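Peer 1: For reference, the sequence and a predicted model appear below.
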Amino acid sequence: AGQNTGALLRGRTTTPSTNPFLSPAGSKALEYSNGLFDCQSPTSPFMGGIRVLHLIEDLRGMLEMMDTDERDGLRCQVPDSTAEALAEWLHSQMVVNGHITGTGDIYQERLSRLENDKESLVLQVSVLTDQVEAQGEKIRDLEFCLEEHREKLNATEEMLQQVRGRPPMVV
């Protein structure tokens, strides 16, 4: 504790009031050296958010595997202050600028985006259908011209063979 501010704090258990880099539970101090946080520390502010997300997903998974009675029994064991803090935190994430953005609003926004995407796709399909029809007409015209040219070629070949005195070749 008598070292300068650049000293490395490692594995010291203190209370939050004596060290601002501790978790509220008074656990191991953050590894702190030359004013920088160690990202590998389990108490690092960079790792905390990820760890919380993993814990929340683990909790959700475990709750989904439990039947209703087990969940109710477990809920009775959770302190009210913890439940209230979690509920408040989750609810605060749904409030934006004083407006509640519940799941209904989220789904409405998603539905609106999907409807816009659908309209865009319908327009694209319409344009592509018109292009396919135009290409089909061009193909029919080209096939008709090809058939006319074959007939002319056969007629010319027949005339040439008659001039030479040989039997005509049909193409």
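Peer 2: That came through fine.
Peer 1: got any ranges where this protein has weak pLDDT?
Peer 2: Counting by pLDDT under 70, the low-confidence segments of the chain come to 1-47, 93-104, 166-171.
Peer 1: Show me how it divides into domains.
Peer 2: 1-43, 117-171 (automatic domain parsing).
Peer 1: contacting residues around stretch 66-74?
Peer 2: Leu63 (CB atoms under 8 Å, 6 or more residues apart in numbering). All C-beta spots, glycine's among them, are computed from the backbone N, C-alpha and C.
Peer 1: Which positions in that stretch come out as buried?
Peer 2: Judged by neighbour count (16 or more other CB atoms under 10 Å), stretch 66-74 contains no buried residues.
Peer 1: The chain: helices as residue ranges?
Peer 2: 45-65, 68-77, 80-92, 103-164 (DSSP state H).
Peer 1: between the shortest one and helix 80-92, how big is the angle?
Peer 2: Direction vectors for helix 68-77 and helix 80-92, defined by axes from the mean of the first three to the mean of the last three CA atoms, to 10 degrees, enclose an angle of 110 degrees.
Peer 1: now the last one
Peer 2: Interaxial angle of helix 103-164 relative to helix 80-92 (the same axes, to 10 degrees): 40 degrees.
Peer 1: Around Thr82, how many other residues sit close by?
Peer 2: With neighbours defined by other CB atoms under 10 Å, the count for Thr82 comes to 9.
Peer 1: Leu142 and Gly165, how far apart?
Peer 2: 36 Å (CB to CB, to the nearest Å).
Peer 1: cool, Leu74 as well?
Peer 2: Leu74 is 105 Å from Gly165, by CB to CB.
Peer 1: repeat for Glu158
Peer 2: Taking CB to CB, one finds Glu158 at 13 Å from Gly165.
Peer 1: Tell me which of those two has more neighbours.
Peer 2: Taking other CB under 10 Å, Glu158 and Gly165 do not tie; Glu158 has more neighbours (14 against 6).
Peer 1: What distance do you get for that one to Ser112?
Peer 2: 69 Å.
Peer 1: And for Ser92?
Peer 2: 25 Å.
Peer 1: and what of Glu88?
Peer 2: 29 Å.
Peer 1: Also Met66?
Peer 2: 36 Å.
Peer 1: try His149
Peer 2: Distance from His149 to Ser112, counting by CB to CB: 55 Å.
Peer 1: Arg140 too?
Peer 2: Distance from Arg140 to Ser112, counting by CB to CB: 42 Å.
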